[in-house]
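**Student:** output the structure for:
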Amino acid sequence: MTTAEPERGAPAVAGLARTRDEAQLFLDLRPCERCGSTEMTWESALVFIDGRAARSWFATCPACGLDRKFTFWAPDPRTRPSRPMGGVVFGGPEPSQLLDAGEWLWVADLTASRVPVNDSRAAWRQLAIATAAMEEILKFIPPGTGGVPEDAFWSRRGRRVRAEEPGRFDRERLLIVRDTYREERDAVGDGSRR
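**Tutor:** Numbers count the residues shown, from 1 in each chain. Predicted coordinates for the structure are as follows:
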């Protein structure tokens, strides 16, 4: 698996963005290369590269003025995963090409740590994101194996998360955490109805 970082110049393609949510999350996790700001307002446009559909995302960093661009392959509309009402879905059954297993765990940890106490709708949303992120990690585990393989970590952040606690990528531990987030989400209620 190669890194999902774009090269300078166009039209470098970072990989397949299975959903708009996955593309947006990828963008949110990539601060400005010049100043480190994460406060971007992204716009996108459908483009074709060698006859294949892709979506380019553009932003100008409000802090330093750097023009930024990422391009992702567009999914086949027939294979795009359906989103449950009010739910969070980052992709279909295949593992992500944009975020590695360590980045997904980092996202799950971050969102689960920010669950508000007095806002059930926001709590439900945070727990839905954490649950979906855990689902994404499980997609990297080959059938019949006990955990996430080493080649499922290609980003700096992802490799760091794995190095800090490699045991967290054991299949059984991942399932326990995923199920815990799911149970907490369900206990809050369906955030789409609030």
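**Student:** from the chain's centroid, how far away is the least confident helix or strand in the chain by mean pLDDT?
**Tutor:** Least confident helix or strand, the chain: strand 13-16 with a mean of 90, by mean pLDDT, DSSP states H and E. How far strand 13-16 lies from its chain's middle: 13 Å, per Cα atoms, centre = their mean, to the nearest Å.
**Student:** would you mark the buried spots in the helix or strand that that strand is followed by?
**Tutor:** Remark: after strand 13-16, the chain's next helix or strand is helix 20-28, criterion DSSP states H and E. Buried residues in helix 20-28, defined by neighbour count with 16 or more other Cβ atoms under 10 Å: Asp21, Glu22, Ala23, Leu25, Phe26, Leu27. All C-beta atoms are positioned from the backbone trio N, CA, C, and that covers glycine.
**Student:** then stretch 167-182?
**Tutor:** Within stretch 167-182, the residues scored as buried using 16+ other Cβ under 10 Å are Arg168, Phe169, Leu174, Val177, Arg178, Tyr181, Arg182.
**Student:** for the chain, what are the low-confidence residue spans?
**Tutor:** Applying pLDDT under 70 to the chain flags residues 1-11, 82-86, 190-194.
**Student:** so where do the helices sit in it?
**Tutor:** 20-28, 101-113, 120-138, 156-164, 171-188 (DSSP state H).
**Student:** which one, of those helices, ends up nearest to Ile49?
**Tutor:** Across those, Ile49 has its closest neighbour in helix 20-28 (15.7 Å, Cβ to Cβ).
**Student:** now do the closest one: everything it contacts.
**Tutor:** 4, 14, 17, 38, 40, 42, 44, 55, 57, 59, 70, 72, 88-91, 96, 98-99, 107 (Cβ atoms under 8 Å, 6 or more residues apart in numbering).
**Student:** again, only this time at 10 Å
**Tutor:** Defining contact as Cβ atoms under 10 Å, 6 or more residues apart in numbering, one finds that helix 20-28 is touched by 4, 14-17, 19, 38, 40, 42, 44, 55, 57, 59, 68, 70, 72, 74-75, 80-81, 83, 88-91, 96-99, 103-104, 107, 129, 132-133, 136.
**Student:** check stretch 163-175 too.
**Tutor:** Residues outside stretch 163-175 that contact it (Cβ under 10 Å, 6+ apart): 101-102, 104-105, 108-109, 134-135, 137-138, 140-141, 145-150, 152-153, 161-162, 176-177.
**Student:** picking that back up, and of the buried residues of stretch 167-182, the nearest to Arg114?
**Tutor:** Tyr181 (12.7 Å).
**Student:** how about the contacts made by the closest one?
**Tutor:** 108, 111-112, 115, 126-135.
**Student:** just give me the closest of these to Cys32.
**Tutor:** Thr111 (22.2 Å).
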